[in-house]
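**Q** everything below, folded, please.
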Amino acid sequence: MKDLIEQNKRYDFEAHGFPCHIMAHLGSHCGYVKVDRLHPLFKETYMESEKIHLNLTVHGGVTYTEMEDNLWSIGWDGLHGRMDHWDRHDAIEETIKLAEQIKNKFGNFSKEIK
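**A** Residues are numbered from 1 along each chain as shown. Prediction:
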């Protein structure tokens, strides 16, 4: 059974050396991976970046890039692609998959930046 979605409830975790979080929005979960200013994807926007579009495969594609807490957040939305609702556990798994792709293709989060 799918878990109940609590609107705007945030779950923070780390995956492949990156700070990550998921959040419920409009009845489904979204996932985010953060990179620092030394990372090759820092300030690469999902609307314009070939690096993102050609290298990162996530449900519905990357649909969010924004500065948060001095880190660049790269995210996906559970409502894009298909109109099904992602539960928290599936959203965490998809976000971990995104973090793994970022690490394997572009390198890991710099531990020097806090």
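**Q** which helix in the chain runs the most residues?
**A** Counting by DSSP state H, the longest helix found in the chain is helix 88-106.
**Q** number of nearby residues for residue 104?
**A** 11 (other C-beta atoms under 10 Å). Quick note: C-beta positions are derived from backbone N, CA and C, even for glycine.
**Q** now the longest helix of the chain: buried residues?
**A** 88, 90-92, 94-99, 101-103, 106 (16 or more other C-beta atoms under 10 Å).
**Q** quick one: least confident of those?
**A** Lowest in pLDDT among the buried residues of helix 88-106 is residue 88, which has 84.
**Q** quick one: that one and residue 72, what's the gap?
**A** Note on residue 88: its distance to residue 72, by C-beta to C-beta, to the nearest Å, is 24 Å.
**Q** and the longest helix of the chain, what does it pack onto?
**A** strand 10-15, strand 18-25, strand 28-35, helix 50-55, strand 71-77 (3 or more C-beta pairs under 8 Å, 6 or more residues apart in numbering; DSSP states H and E).
**Q** residue contacts, the residue most central in space within the chain?
**A** When C-alpha atoms, centre = their mean is applied to the chain, the residue found nearest the centroid is residue 32 (2.5 Å). Counting by C-beta atoms under 8 Å, 6 or more residues apart in numbering, residue 32 touches 20-23, 64, 68, 73-75, 95.
**Q** thinking again about what came up before, send me the longest helix of the chain as CSV with only the CA atoms.
**A** Output in CSV follows, covering the C-alpha atoms of helix 88-106 (Å, rounded to 0.1, in the frame of the first residue of the first chain):
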residue,chain,number,x,y,z
ARG,A,88,8.2,8.1,-0.4
HIS,A,89,10.2,5.0,-0.8
ASP,A,90,10.0,4.9,-4.6
ALA,A,91,10.9,8.6,-4.7
ILE,A,92,14.0,8.0,-2.5
GLU,A,93,15.1,5.2,-4.8
GLU,A,94,14.7,7.4,-7.9
THR,A,95,16.7,10.2,-6.3
ILE,A,96,19.4,7.8,-5.2
LYS,A,97,19.6,6.7,-8.9
LEU,A,98,20.0,10.3,-10.0
ALA,A,99,22.8,10.9,-7.4
GLU,A,100,24.5,7.8,-8.7
GLN,A,101,24.4,9.0,-12.3
ILE,A,102,25.7,12.4,-11.3
LYS,A,103,28.6,10.8,-9.4
ASN,A,104,29.5,8.3,-12.1
LYS,A,105,29.4,10.8,-15.0
PHE,A,106,30.6,14.0,-13.4
